[in-house]
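Trainee: sequence first, predicted coordinates after that:
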Amino acid sequence: MPARIEDYALIGDMQTAALVSRDGSIDSLCLPRFDSDAVFAHLLGTEEHGFWRIGPLHPGHRPAPAAVRRRYLPGTLILESEWETPTGHVRVTDLMPPRDGTPQIIRIVEGIAGATAMRSTLRIRLGYGRIVPWVTASSDGRLHAVAGPDSLWLDTTVPTYGRDDTTYADFTVRAGERITFTLSWNPSHQAPPPVPDALDARETTQKYWEQWSAHCTYDGPYREALLRSLITLKALTYAPTGGIVAAPTYSLPEDIGGSRNWDYRYTWLRDAAITLSSLLRTGYRDEARAWCAWLVRAVAGDPENLQIMYGIAGERTLGEVELDWLPGYEDSRPVRIGNGAAHQLQLDVYGEVAMTLHAAREAGLAPGETAAHLQVKMVEYLEQVWDQPDEGIWEIRGPRRHFVHSKVMAWAAVDRTITLIETGGASVAHGVLDRWRTLRDTIHAQVCEQGYDLVRNTFTQSYGSPVLDASLLLIPQTGFLPPTDPRVVGTIEAVQRELSTPDGFLRRYPTAGTAVGVDGLEGDEGAFLACSFWLVDALTMIDRTDEARALLDRLRALSNDLGLLAEEWDPVRKRAVGNFPQAFSHVSEIDSMLRLTVAGTVGWTL
């Protein structure tokens, strides 16, 4: 079986990423992009579906030994894993150099003390674990695996041998010795990539990340954890376009053994917009500028057909299919790639985009005339559809509803666009501005009348429903109502009371077990970490900072030993669930750290 979700580390080159388990096995890798077919799919199947393990030789027993310690080099995405055996002490360093042509995984085995017998086991399975490549050795000792359009090259300083469609290398590393392995990908119709210098690539990669991390302007009490989250977000950015994937994984279950398994290797406008806001506040203007440019290209002149998500280069077609040859993570079926929610109507996206462009302007980063024109066109479209039911922030697969969060964000889109026009950032025809001011008031009045439960003193998930939703915690962050408003305080308290798990974390909304729930799906899910961080923010905004800080500390304890957060936490099994690492969780953690820093430190502003 693959490792627990929280036992994986992330390495990446800002175009794709790999997950490395504690036993030194790379169990998930798609090449050449985040959304390409996997070459290692053990994470969602068995070892037969592809993996690459390097660690101490372990003949005759399973599982493979786990590293006794591991860490990222400070300020980098370079992973070090160490094993201590009866005969020696060894370190394996894993990295992916920022790409300059050929994508590579570099693995460096270094003897620290004594002598340690090691084994590399490389089982390449292309096409999400289904295709066994043709493997040959060239005259200069390079190993070449090819199938269809894909070609992989293994370069190493030790001999290899093949058995059962798998490539092995058995060797002993002594104190002071270094053994290197590099796996490179290129299109099969092209000439072989050059033989890499693994040690030089390691040095170059370390310098890149250290220089990038030095741009972080935050110097508060959470600096180490915040910087790790920023590095993770950077690793999830597709460098050629500026698009940000929600996660580097696909079909990891929200409910182990269940069917809530989705592909997150795409760019959600909502996630990316919130990520941009965090990057702006911590000094990373280049990434913010790149995302704004990606947005304008992706949406083009067609906001009436705005999608909630796009491919990392702006692709619109993200058809959802099931891979029936993969058994799924711990038998969680089906394994899905693509995402059928791409064409849902989610009115909140317009608000998130408008709020983010507003934040960019406030930070002195002018998104440009095209972005301003796009924002105006979005509100022209919203004017026609804001009063329609939609699928909402959580991409329900059931009937559309009048979700309160969607209406509030539609209000925010109109509000920020009015500000844009009032400050001279865009112009509209005579009478339009007054009409939009009326529209803003109309949406506000409708939400307060139809989305508010007067008896319970709380806003609800949708009009006429008693169900609560953690997205209601975002109401004061939009400016829709101030945090001191009794309706806001009542909503925060109701959500905390009705959606909390026994350990104090939040579910997104109630689920119905074996019955079909409000989201149109069977099964349950864990506590949604982003929502739990929203509770930290909400408590901070109503001056319950001690409670907020205690909750933040408990949430930080859910990150793994490397500071990585999953999508959700299973309060029964006490383990991570959902895709990993999740951008939404990390950006929400950053926001909570920044907000609590402001609440406790004179001179900090958001």
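Mentor: Everything's here; your move. Numbering: from 1, shown residues only.
Trainee: ok, which stretches of the stretch 351-500 of the chain are helices?
Mentor: 369-385, 404-422, 432-450, 475-478, 486-499 (DSSP state H, counting those that start in this stretch).
Trainee: any idea which of those gets closest to residue 468?
Mentor: helix 486-499 (5.1 Å; C-beta to C-beta). For every residue, glycine as well, the C-beta is placed using N, CA and C.
Trainee: so residue 174 sits in a strand?
Mentor: Yes: assessed with DSSP: H, G, I helix; E, B strand; the rest coil, residue 174 lies in a strand.
Trainee: need the winner for burial among the helices of the stretch 351-500 of the chain.
Mentor: helix 404-422 (a mean of 24; mean count of other C-beta atoms under 10 Å).
Trainee: packing partners of that one?
Mentor: Counting contacts by 3 or more C-beta pairs under 8 Å, 6 or more residues apart in numbering; DSSP states H and E, helix 404-422 packs against helix 348-362, helix 369-385, helix 432-450, helix 475-478.
Trainee: my guess is residue 418 contacts residue 440. True?
Mentor: Yes: if you go by C-beta atoms under 8 Å, residue 418 and residue 440 touch, sitting 6.6 Å apart.
Trainee: contacting residues for residue 560?
Mentor: Neighbour list for residue 560: 6, 7, 8, 576 [criterion: C-beta atoms under 8 Å, 6 or more residues apart in numbering].
Trainee: give me the number of residues near residue 547?
Mentor: 16 (other C-beta atoms under 10 Å).
Trainee: I meant residue 482, not that one.
Mentor: 10.
Trainee: adding mean pLDDT and distance to residue 156, write the helices of the stretch 351-500 of the chain out as CSV.
Mentor: Formatted as CSV, the helices of the stretch 351-500 of the chain follow (pLDDT from 0 to 100; distance: least, C-beta to C-beta, whole Å):
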stretch, mean pLDDT, distance to residue 156
helix 369-385, 88, 48
helix 404-422, 95, 52
helix 432-450, 96, 62
helix 475-478, 94, 51
helix 486-499, 96, 52
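Trainee: hmm, residue 379 is touching residue 416, no?
Mentor: No: applying C-beta under 8 Å as the test, residue 379 and residue 416 come out as separate, 9.1 Å apart.
Trainee: residues that sit against both of these two, list them.
Mentor: With C-beta under 8 Å, 6+ apart as the test, residue 379 and residue 416 both reach residue 354.
Trainee: buried residues, the longest strand along the chain. List them.
Mentor: Counting residues, the longest strand found in the chain (DSSP state E) is strand 104-123. For strand 104-123, a neighbour-count test (16 or more other C-beta atoms under 10 Å) marks 104-112, 115-123 as buried.
Trainee: next SSE downstream of that strand?
Mentor: helix 126-129 (DSSP states H and E).
Trainee: setting aside sequence neighbours, what's the nearest residue to residue 457?
Mentor: residue 490 (3.4 Å; C-beta to C-beta, 6 or more residues apart in numbering).
Trainee: quick one: contacts of stretch 363-371?
Mentor: 280, 281, 285, 288, 289, 292, 295, 296, 357, 360, 361.
Trainee: nope, stretch 468-477 is what I was after
Mentor: 348, 392-394, 403-405, 408, 458-461, 481-483, 485, 488, 491-492, 494-495, 498-499, 506-510, 528, 531, 534-535, 537-538, 541.
Trainee: redo that, cut-off 6 Å
Mentor: Identification of contacts with stretch 468-477 by C-beta atoms under 6 Å, 6 or more residues apart in numbering yields 393, 405, 408, 459, 461, 481, 483, 488, 491, 494-495, 498-499, 506, 508-509, 531, 534, 538, 541.
Trainee: what's the helix or strand residue 206 falls within packed up against?
Mentor: Assigned by DSSP H and E, residue 206 belongs to helix 198-213. Where contact means 3 or more C-beta pairs under 6 Å, 6 or more residues apart in numbering; DSSP states H and E, helix 198-213 is packed against strand 104-123.
Trainee: ok, residue 44 touching residue 335?
Mentor: Yes: at 5.3 Å, residue 44 and residue 335 qualify as touching, with contact defined as C-beta atoms under 6 Å.
Trainee: okay, residue 308: pLDDT?
Mentor: Note for residue 308: predicted pLDDT of 81.
Trainee: and the gap between it and residue 273?
Mentor: Residue 308 sits 11 Å away from residue 273, going by C-beta to C-beta, to the nearest Å.
Trainee: can you tell me, leaving aside adjacent residues, what's nearest to residue 95?
Mentor: residue 78 (4.6 Å).
Trainee: state the distance from the one you found to residue 502.
Mentor: 38 Å.
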